[in-house]
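whatever this is, show me its structure:
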Amino acid sequence: MHAQKLARADGGKVRALVVDDEESITQLIAMALRYEGWEVMTASTGHEALELVGEFKPDVAVLDIMLPDFDGIQLLSRTRATGQTFPVLFLTALDAVEDRVIGLTAGGDDYVVKPFSLEELIARLRGLVRRSQMTLNAQPDPILQVGDLTLNEDSYEVERAGEPITVTNTEFELLRYLMRNPNRVLSKAQILDRVWAYDFTGKSTVVELYVSYLRKKIDNGRAPMLHTVRGAGYMLKPAS
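Sure thing, here's the model as predicted:
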């Protein structure tokens, strides 16, 4: 049974940018995404991709780590420097945790290792788009507040004690989930299910990774709010 088609918040087609120097891969992914009803542009180099980012304004991107001119991580860094915040999924041929961590540390939101399952790749992209395009009409007040930490669900702004904090899409979703459940221990499995919307072996390490990113951003030099409850999970509570 074919899943319900996604659309942009404004009702338009979801726009995806696929960047890989192997044409067979870009064409395969593009074909599958067009079947989803998405609008797709492809690029085989970092320079081509940078031009397309400005013109096409994608909602999500698939970036190969290895490109002929500069790598996907540099491409993401240059893209983020222009203020673009769309979610990014990295493709990598390197099945090593270090390479995945480098991609996620650079601001990527997810990764798949080649050779990959096309079905799984599409499911991941749907999850990224769904989270980034989440409509919040049911929320009369877009501001979540725990202690001196605030999160605006409409503008995606995060502040602590009035000081702005810059977060990636995935960090935002993780923080939103924690802030909607203050003073409650959330297990890695619960966080995986809510923030990543799927589960597979080894993914719990990504939860640990993102909790550590958030902790550095919201607790840095301040009284801690994000706590690890050994053997149980994580809890966000006002600083004491």
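
bridged to residue 92, which residues?
residue 113 (DSSP bridges).

now for it, how many residues are close by?
21 (other Cβ atoms under 10 Å). C-beta coordinates here come from the backbone N, C-alpha and C atoms, glycine included.

measure it to residue 6 for me?
25 Å (Cβ to Cβ, to the nearest Å).

before we move on, what about residue 81?
28 Å.

of these two, who's got more company?
residue 6 (16 against 8).

now do the same contact list for the more buried one.
14, 36, 37, 38, 126, 129, 130, 133 (Cβ atoms under 8 Å, 6 or more residues apart in numbering).

looks to me like it is in a helix.
No - counting by DSSP: H, G, I helix; E, B strand; the rest coil, residue 6 is located in no helix; its state is coil.

quick one, what contacts the most centrally placed residue in the chain?
Centroid-nearest residue in the chain: residue 109, 3.1 Å away (criterion: Cα atoms, centre = their mean). Taking Cβ under 8 Å, 6+ apart as the criterion, residue 109 is in contact with 87, 88, 89, 128, 168, 169, 170.

report pLDDT for it.
Residue 109 is assigned a predicted lDDT (pLDDT) of 82.

what of residue 91?
Confidence score, pLDDT, at residue 91: 87.

who touches it in this structure?
20, 25, 62, 63, 64, 65, 72, 111, 112, 114, 116.

and what of residue 218?
With Cβ under 8 Å, 6+ apart, residue 218 has these contacts: 149, 158, 160, 165, 175, 225, 226.

could you rerun that using 10 Å?
By Cβ atoms under 10 Å, 6 or more residues apart in numbering, the contact set of residue 218 is 146, 149, 151, 158-160, 165, 167, 171, 175, 178, 224-226, 236, 239.

now the residues you listed: which count as buried?
146, 149, 151, 158, 160, 165, 167, 171, 175, 178, 225-226, 236 (16 or more other Cβ atoms under 10 Å).
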